[in-house]
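# this is a predicted model, with the sequence first.
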Amino acid sequence: MFAPQIILAALINGLLTGAVYALVSVALTLVYGVLHIINFAHGAILTAAMFAAFFASQAGIDPLIAVFGLAPLFFALGYVAQRFVIGPASHGSDSNVLLVTLGISILLENAMLAAFGSDTRTIDTPYGFSSLDLGFVYLPLPRVIACGAATLVAVLLWLLLKKTDTGKAIRAVAKERFGAALVGIDVAHIYAVTFGIGAACLAVAACVLLPSYYVQPRAGDAYVLVAFTVVVLGGMGSVPGAVIGGLLIGVVESLSGLYFGESLGQLGIFLIFILVLLLRPTGLFGARA
Amino acid sequence: MTAWLKVYGPIVVVMALLAMVPLATSANTVLNALVVSLTMALAGQGWNLLGGYAGQISFGHAAFFGAGAYGTAILQARFGWNAYPAFAGAICIGAAFGAVIGYLSFRSGLRGSYFALVTLAFAEVFRILANASDFTGGAAGTLLKLDMRTGNFQFASRATFYLIVLGLVTVVLIATRALERSRFGAYLVAVRENEDAAKALGVDTLQVKLRAITLSAAITAAAGAFYAQYFLFVDSNIAFGTWISIEALLVPIIGGLGTAFGPLIGAIALQGLTEGTKAIAGRIPGADVALYGALLVVAIAFAPRGLQGLAARLRRGLAMGRAS
């Protein structure tokens, strides 16, 4: 058995990782909840944002500052991608959306591979190796920042969805797209806005991840796999479900890494994923379909 | 007799023409490219049965390809089976994988995105397991002993391999054609078009989907087993890698989803395109696969019925031009 301190440290570290998982998952679940599609390009967009943050940092801009430029940029890119590529290309059929986003993900990932090679790149930040001393446990500063940013984004997103007209429109479209169209909401616009918000969340995630992580053309995959699991676990389309699911998976991964070793950590996530899909596809928090 | 000719005649003619290719060229590069592209056609034929005819989009056909590839490799290398029964055994293993995955997912009522996700996850689980387990040779993979004899399913000439895979593709083509005209084929299309309506009309949709995924997995496993036999090597990233899941679905979509000839046309077109890009762009890693991605988007946007649909539209357009 491990000392309680070690378990507690693993627990807190798991929560910190889980916060980033939650951020990536919220983006995925929001798009699913509104558009009723699974965005298979999620991982590729995250990787693209990580590369953008990487090159910004090469140009001397710290990722934590670059995020204020990258988040709007990725919002715009996401908006354009949904409005002018994914929407029109899929002719309104769900299975086409699946295949189109899969195509975009293959395209992005391999274009990045062709352009940047498969090298793993990291960046140096002044705070990259600092840590926070809580007395009983040391916490790596970049991950504390990441956790803080994820929380902030979640709060902002909640305010956006609950308090603004756009948020109301998004919720209306998610509930009943024809009804929303009837009362004058531009559904194609709302779809694109939602997709854009998803991409912007990924840009934030990329910027806070980069100081303690690495980037290469497939870097986003690991996170997206987790995000799929989290989204299914939390109930497809449920934002609170994604937050709780993200934290839960973070803790499970951290604890199973402690007990079973790192290499099988991913396997555990896949197995949870398959089990949840098979036994309770509506998730822990989703309503019964 | 004439009806028979109308249905199966085109297959016989096309396949006979393709069978004459080795007479025209003995260049190893050409034959090699054709063997690989026909293997992909075979994998795509399997996917097409489930995805094209029955409308169940799988993102994880690598699970079945890998089951076939590792199946034949392990039966030979670990259990000392002869290559031919091992090939048959590998197909059975693939079919079993299909039946189990199908039973688990369809029993839980997974459809659409959920089904795509769960198949993807199964393929990844097998990839991680094959990469970690000693039984499959771990990260080093499994090598088949080189012993070039006909009795070992190993041939010096690539032309022999070419004719064998061409034969496999032909068998599946004829079977698919026959299926299109059978009651079971009609059930598949009914499930694709409207599963609830099919159920309401008394079709046992679970049974139909289970048979479809088992058959589909068996065909894709045959492609995997042939691939392993041809290269005499498998590892987890070849056998269970995402690339094969993507090629298996891309090939029928490019050629024409839910048509008998779709996968073959798509595979040959794709191979031509890949060789073309290589000639122009050189060997930049990722460039050719990036093109696949773009192609998938373009195909769905502009040619939802694949190359065959485009050709049909072109013919109609020409006919209308003449008529006016």
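Great, that's in hand. Numbering: from 1, shown residues only, chains lettered A, B, ... in the order given.

# from now on I want contacts and neighbour counts done on CA atoms only, so please keep to that.
Noted.

# what mean pLDDT does the lengthiest helix in chain B have?
Longest helix of chain B, by residue count under DSSP state H: helix B:205-231. For helix B:205-231, mean pLDDT is 95.

# just checking: what are the partner strands of the next helix or strand after that helix?
Later in the chain than helix B:205-231, the nearest helix or strand by DSSP states H and E is strand B:233-234. Strand pairing for strand B:233-234, using DSSP bridges, gives strand B:142-143 (antiparallel).

# what about the strand it pairs with, average pLDDT?
The model assigns strand B:142-143 a mean pLDDT of 84.

# C-terminal to that strand, what's the next element?
Immediately after strand B:142-143, counting by DSSP H and E, sits helix B:158-180.

# report the buried residues of that following helix.
Going by neighbour count (16 or more other Cα atoms under 10 Å in any protein chain shown), the buried part of helix B:158-180 is B:158-163, B:165-166, B:168-170, B:172-174, B:176-177, B:179-180.

# for the next helix or strand after that helix, give the mean pLDDT please.
Scanning forward in sequence from helix B:158-180 by DSSP H and E, the next helix or strand is helix B:183-193. Confidence for helix B:183-193, expressed as mean pLDDT, is 92.

# which outside residues touch the helix or strand hosting A:Pro142?
Secondary-structure assignment from DSSP H and E places A:Pro142 in helix A:141-163. Helix A:141-163 is touched from outside by A:16-17, A:19-20, A:22-23, A:127-132, A:166-168, A:170-171, A:201, A:204-205, A:208-209, A:211-212, with contacts defined as Cα atoms under 8 Å, 6 or more residues apart in numbering or on different chains.

# against which helices or strands is the longest helix of chain B packed?
If contacts are counted by 3 or more Cα pairs under 8 Å, 6 or more residues apart in numbering or on different chains; DSSP states H and E, helix B:205-231 sits against helix B:28-47, helix B:62-77, helix B:83-107, helix B:158-180, helix B:183-193, helix B:195-200.

# around chain A, pick out the residues from chain B.
By the rule Cα under 8 Å from any Cα of the partner chain, the part of chain B lying against chain A is B:57, B:104-105, B:108, B:110, B:112-114, B:118, B:121-122, B:124-125, B:128, B:284-287, B:289-298, B:300-302.

# re earlier: chain center to the helix or strand following the helix holding A:Pro142, what's the gap?
Beyond helix A:141-163 on the C-terminal side, the first helix or strand identified by DSSP H and E is helix A:165-175. Distance of helix A:165-175 from the chain centroid (Cα atoms, centre = their mean, to the nearest Å) equals 21 Å.

# from the contact counts, what lies against the helix or strand following helix A:165-175?
From helix A:165-175 onward toward the C-terminus, using DSSP H and E, the following helix or strand is helix A:177-182. Packing partners of helix A:177-182 (3+ Cα pairs under 8 Å, 6+ apart): helix A:165-175, helix A:187-209.

# looking at the ones you listed, spot the one closest to A:Ser95.
With Cα to Cα, the closest approach to A:Ser95 among these belongs to helix A:187-209: 16.9 Å.

# for that closest one, which positions count as buried?
In helix A:187-209, counting by 16+ other Cα under 10 Å, buried: A:187-188, A:190-209.

# what residues does chain A put near chain B?
Contacts of chain A with chain B, taken as Cα under 8 Å from any Cα, map to A:37-38, A:88-91, A:94-96, A:98-111, A:113-114, A:117, A:267, A:270-271, A:273-274, A:277-279, A:281.

# among those, which are in strands?
Among the residues of chain A next to chain B, no member falls in strands (criterion: DSSP state E).

# just the buried ones from the residues you listed?
A:37-38, A:89-90, A:94-96, A:98-111, A:113-114, A:267, A:270, A:273-274, A:277-278, A:281.

# phi, psi for B:Leu144 please.
Per-residue torsions, B:Leu144: phi -100, psi 140 (degrees, to the nearest 10).

# now the one 5 residues further on
B:Arg149 adopts backbone torsions of phi -140, psi 150, taken as degrees, to the nearest 10.

# kindly report the same for A:Ala41.
phi -80, psi 0.

# for burial, what's the neighbour tally of it?
A:Ala41 has 24 neighbouring residues, counting by other Cα atoms under 10 Å in any protein chain shown.

# shouldn't it be in contact with A:Leu102?
Yes - A:Ala41 lies in contact with A:Leu102 (Cα atoms under 8 Å); the separation is 6.0 Å.

# any idea how far B:Ala218 is from the spatially most central residue of chain B?
Per Cα atoms, centre = their mean, the C-alpha nearest to the average position across chain B is that of B:Ala43, at 1.4 Å. Per Cα to Cα, to the nearest Å, B:Ala43 is found 10 Å from B:Ala218.

# kindly report the same for B:Gln308.
For B:Gln308, the distance to B:Ala218 - Cα to Cα - is 26 Å.

# which one of those two has more residues nearby?
Using other Cα under 10 Å as the criterion, B:Gln308 and B:Ala218 rank with B:Ala218 on top: 29 against 20.
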